[in-house]
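# Test case, fold it:
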Amino acid sequence: MESQRTFLFIGLLLVSFLLFQEWNNEKLQANADTSATTQQVTAPSSSIAQDDDVPASTQNDVPAAVTKAVRSVITVKTDVLDVKIDTKGGDVVEAKLLQHAETHGSDTPFLLLGEFEGRQYISQSGLIGLHGPDANPEGRPVYTAPQKAYELSGDELRVPLTFVDNKGVQYTKTYVFKAGKYDVALEYTVNNTTADPIQVQLYTQVKRTVQAKGSMVDQTYLGATYGTSEEPYEKYSFEDMAEANLSKNTQGGYIAFIQHYFLSAWVPDQTVNNTVYTLLRNNQGIIGIKGEAVNVQANSTTNINSTFYMGPKDGDALEAIHEDLDLAVDFGWLWFISQPLLVLLKLLYSFIGNWGVAIIAITILVKMALYPLTKAQYTSMAKMRALQPKMMQLKERYGDDRQKMGQATMELYRKEKVNPMGGCLPLLLQMPIFLALFYVFLESPELRHAEFMFWLTDLSAKDPYYVLPILFGASMFLTQKLQPMTVTDPMQQKMMTYMPIVFTFFFILFPFPSGLVLYWLVSNLITIAQMLYIYRGMEKQGIKVRD
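From the prediction side, this is the model:
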């Protein structure tokens with residue numbers, strides 16, 4: 001198989017793959033919207049107000065509040081988070097990430113949770129069960145707080161919310177924020193001052209408006225995920241929610257909503273049995289996790305804990321919360337290549353201090369590692385080119401007898417010690433590396449808004465002036481001119497001639513991250529240098545490489 005044919009095949013395959021992904025995304029979103037509308041009509045009624053979306057629970061003997069507290073919003077600010085908590089239910093209704101800009105170059109922090117563009121994305125938690133205050137048919141509890149605004153000044157900040165029912169049971173819901181951390185501890189303290197035991201059940205969930213993700217090159221998976229003791233990482237899309245409500249029992253586990261570069265996740269007590277569930281209602285997708293029923297004896301106090309993460313896809317930070325949560329940094333089926341590349345890229349950046357230069361450095365290292373194969377590739381291509389006169393003689397001798405032609409050709413290859421597959425392997429190895437780096441750029445928040453130089457101020461976004469795609473096309477054209485043409489079919493020759501133009505427009509139409517195009521461009525330039533070096537050595541040995 002000639003190198004040009006392999007390259008043409010891989011290019012067409014990559015284009016087809018991306019076009020299919022784009023078509024499939026639009027189809028899935030259309031189905032999800034239709035199914036969501038249907039489920040909204042057929043969803044069973046509940047005694048809980050629908051805007052609260054509290055999971056189903058037994059609702060016997062649930063007391064009301066002593067007094068009707070005034071609903072308000074509490075603001076909490078740390079060095080990395082700016083959060084708003086609704087005193088009704090104690091939900092996190094807004095979260096801004098202070099270390100991540102909304103858009104490149106802006107001073108506005110990234111809004112992860114909240115109300116934006118007609119959509120809602122919030123985190124909810126509460127106590128249901130036989131006596132849980134969030135299971136009250138009259139609505140969820142409204143908490144009181146000592147302050148309306150909190151700001152972290154040390155290593156830790158505690159934000160307590162208190163609710164007392166008409167029997168005197170006190171519920172304290174405390175959020176614990178820590179410096180430099182995106183994970184927030186949730187501590188429920190139930191103080192049963194009555195003479196009777198009570199039973200409550202913790203639920204934690206994330207609610208988000210059904211939303212389509214961007215194009216294949218704009219976003220990774222947008223939707224819910226969960227992990228159980230048997231399934232470390234599973235996706236459950238809006239379409240899945242529309243088809244069926246999820247219900248999985250597990251010890252420990254976690255749930256999350258992930259998007260491009262960021263996620264939110266609940267990680268409950270890993271020593272208890274929990275239930276992962278989903279619900280789709282009013283165009284809102286919910287994934288949550290319920291704990292087991294907890295009995296609080298008379299005149300006693302019980303603590304129930306969970307952890308909420310709202311921040312970037314930092315694999316180390318996520319793994320520290322749950323051993324499988326780092327799988328939410330989804331590098332796809334090429335994760336075994338993407339993860340080492342990311343580690344190497346971070347290491348290079350720690351020494352260089354510029355992501356663009358780090359990309360160039362990793363490209364050089366990759367090309368150096370592949371050089372033996374590259375040398376074999378171009379040596380094989382040159383020998384194949386030198387055999388063309390003898391191949392023409394065989395064709396004239398055997399004509400249309402394909403069997404004899406094939407046997408004679410293989411005998412010629414064996415005699416001349418030529419491997420017809422020698423030109424394929426380097427290209428086949430480069431494509432997985434290219435795709436693996438593609439996912440690195442999509443999944444790694446470190447590369448979001450990463451600057452290089454001149455006009456390239458965001459390597460995670462497309463080249464605004466299309467300079468890199470044009471240079472890439474020019475480098476591809478030069479590569480074709482320098483290497484010997486082993487394809488003899490006129491139609492294939494014409495297709496190979498137009499490949500640089502096709503790929504240039506391909507990189508323009510699909511807004512690939514400029515860092516990825518930079519990698520491919522530098523790879524082409526290094527390939528040209530290696531090609532010239534290899535061919536010069538072969539010509540010194542008397543091997544005719546080019547006309």
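# Please report the distance of residue 390 from residue 376.
Distance of residue 390 to residue 376, computed by CB to CB, to the nearest Å: 21 Å. All C-beta atoms are positioned from the backbone trio N, CA, C, and that covers glycine.
# try residue 400
Residue 400 sits 33 Å away from residue 376, going by CB to CB.
# And these two? Which one has more around it.
residue 376 (16 against 7; other CB atoms under 10 Å).
# So which other helices or strands are in contact with the helix or strand where the more buried one lies?
If you go by DSSP states H and E, residue 376 is part of helix 371-386. Contact analysis of helix 371-386 by 3 or more CB pairs under 8 Å, 6 or more residues apart in numbering; DSSP states H and E lists helix 425-443, helix 514-540 as its packing neighbours.
# Nearest to residue 332, out of the ones you listed?
Comparing these against residue 332 with CB to CB, the closest turns out to be helix 425-443 (5.3 Å).
# in the following helix or strand past the closest one, what's buried?
Note on helix 425-443: by DSSP H and E, the next helix or strand toward the C-terminus is helix 467-482. Residues 468-469, 471-473, 475-479 are the ones in helix 467-482 that count as buried (16 or more other CB atoms under 10 Å).
# Please state the offset of stretch 311-319 from the chain centre?
Relative to its chain's centre, stretch 311-319 lies at 12 Å (CA atoms, centre = their mean, to the nearest Å).
# Convert it to CSV, retaining C-alpha atoms only.
Written as CSV, here are the backbone C-alpha positions of stretch 311-319 (Å, rounded to 0.1, in the frame of the first residue of the first chain):
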residue,chain,number,x,y,z
GLY,A,311,-15.0,23.7,39.0
PRO,A,312,-12.6,22.7,36.2
LYS,A,313,-11.9,19.2,35.0
ASP,A,314,-8.8,18.8,37.2
GLY,A,315,-8.0,15.1,37.2
ASP,A,316,-5.9,15.2,40.4
ALA,A,317,-8.5,17.2,42.3
LEU,A,318,-11.3,15.0,41.1
GLU,A,319,-9.5,11.8,42.0
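# Flag every buried residue along stretch 190-201.
By neighbour count on 16+ other CB under 10 Å, the buried set for stretch 190-201 is 190-192, 198-201.
# again with stretch 338-348
Across stretch 338-348, burial judged by 16+ other CB under 10 Å covers 338-339, 341-342, 345, 348.
# repeat for stretch 278-293
Using 16+ other CB under 10 Å as the test for burial, stretch 278-293 gives 278-281, 283-291.
# what two of the residues you listed are the furthest from one another?
By the measure CB to CB, 283 and 291 form the most distant pair in the buried residues of stretch 278-293, at 27.8 Å.
# Give me the distance between the residue nearest to residue 513 when sequence neighbours are not counted and residue 331.
Excluding its sequence neighbours, the residue lying closest to residue 513 (CB to CB, 6 or more residues apart in numbering) is residue 441, at 4.3 Å. Distance from residue 441 to residue 331, counting by CB to CB: 11 Å.
# what comes up buried for the helix holding residue 376?
By neighbour count with 16+ other CB under 10 Å, helix 371-386 contains the buried residues 373-386.
# ok, the residues you listed vs residue 108, which is closest?
Of the buried residues of helix 371-386, the one sitting nearest to residue 108 (CB to CB) turns out to be residue 374, at 46.2 Å.
# Next one, pLDDT for that closest one please.
For residue 374, the pLDDT comes out at 77.
# about what we covered before: of all the helices and strands packed on helix 371-386, which lies closest to residue 175?
Here helix 425-443 is closest among the helices and strands packed on helix 371-386 (CB to CB), at 28.2 Å.
# how many degrees apart are the closest one and helix 514-540 in direction?
160 degrees (axes from the mean of the first three to the mean of the last three CA atoms, to 10 degrees).
# between helix 425-443 and helix 371-386, how many degrees?
Counting by the same axes, to 10 degrees, helix 425-443 points 130 degrees away from the direction of helix 371-386.
# What is helix 425-443 packed up against?
In terms of contacts (3+ CB pairs under 8 Å, 6+ apart), helix 425-443 is packed against helix 3-42, helix 335-352, helix 371-386, helix 514-540.
# CA atoms only: put it into CSV for me.
Output in CSV follows, covering the C-alpha atoms of helix 425-443 (Å, rounded to 0.1, in the frame of the first residue of the first chain):
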residue,chain,number,x,y,z
LEU,A,425,2.9,2.6,9.6
PRO,A,426,4.2,6.2,10.4
LEU,A,427,1.0,7.7,9.0
LEU,A,428,-1.1,5.2,10.9
LEU,A,429,0.7,6.0,14.1
GLN,A,430,0.5,9.8,13.6
MET,A,431,-3.3,9.8,13.3
PRO,A,432,-4.0,8.4,16.8
ILE,A,433,-1.6,10.9,18.2
PHE,A,434,-3.4,13.7,16.3
LEU,A,435,-6.8,12.6,17.6
ALA,A,436,-5.4,12.1,21.2
LEU,A,437,-4.0,15.6,21.2
PHE,A,438,-7.4,16.7,19.8
TYR,A,439,-9.1,15.4,23.0
VAL,A,440,-6.3,16.8,25.2
PHE,A,441,-7.2,20.3,23.9
LEU,A,442,-10.9,19.7,24.3
GLU,A,443,-10.7,18.3,27.9
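# okay, now the closest residue to residue 452 other than its chain neighbours: neighbour count?
Computed as CB to CB, 6+ apart, the closest residue to residue 452 that is not its neighbour in sequence is residue 356, at 2.8 Å. The number of residues packed near residue 356 is 20, by other CB under 10 Å.
# quick one: low-confidence ranges for the stretch 251-400 of the chain?
385-386, 399 (pLDDT under 70).
# can you give me the helices in it?
Counting by DSSP state H, counting those that start in this stretch, the stretch 251-400 of the chain has helices at residues 315-321, 335-352, 355-369, 371-386, 388-398.
# Tell me which of the ones you listed sits nearest to residue 538.
Among the helices of the stretch 251-400 of the chain, helix 371-386 comes nearest to residue 538, with 5.7 Å by CB to CB.
# Distance from the chain centre to the closest one, please.
Centroid separation for helix 371-386 versus its chain: 38 Å, with CA atoms, centre = their mean.
# tell me the residue furthest from the middle of this structure?
Ranking residues of the chain by C-alpha distance from their mean position (CA atoms, centre = their mean) puts residue 397 at the top, at 57.5 Å.
# which element is residue 240 on?
Going by DSSP H and E, residue 240 is in helix 238-243.
# got the CA positions of that helix in CSV?
Taking C-alpha atoms only, helix 238-243 is exported to CSV below (Å, rounded to 0.1, in the frame of the first residue of the first chain):
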residue,chain,number,x,y,z
PHE,A,238,-30.6,14.0,28.2
GLU,A,239,-32.0,11.6,25.6
ASP,A,240,-31.4,8.7,28.0
MET,A,241,-33.3,10.6,30.6
ALA,A,242,-36.2,11.1,28.2
GLU,A,243,-36.4,7.4,27.4
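# That one packs against which elements?
Helix 238-243 makes packing contacts with helix 3-42, strand 223-227, strand 273-281, strand 284-290 when contacts are defined by 3+ CB pairs under 8 Å, 6+ apart.
# please redo it, this time with the cut-off set to 7 Å
Contacts defined by 3 or more CB pairs under 7 Å, 6 or more residues apart in numbering; DSSP states H and E place helix 238-243 against helix 3-42, strand 273-281.
# buried sites along that helix?
Buried positions in helix 238-243, judged by neighbour count with 16+ other CB under 10 Å: 238-242.
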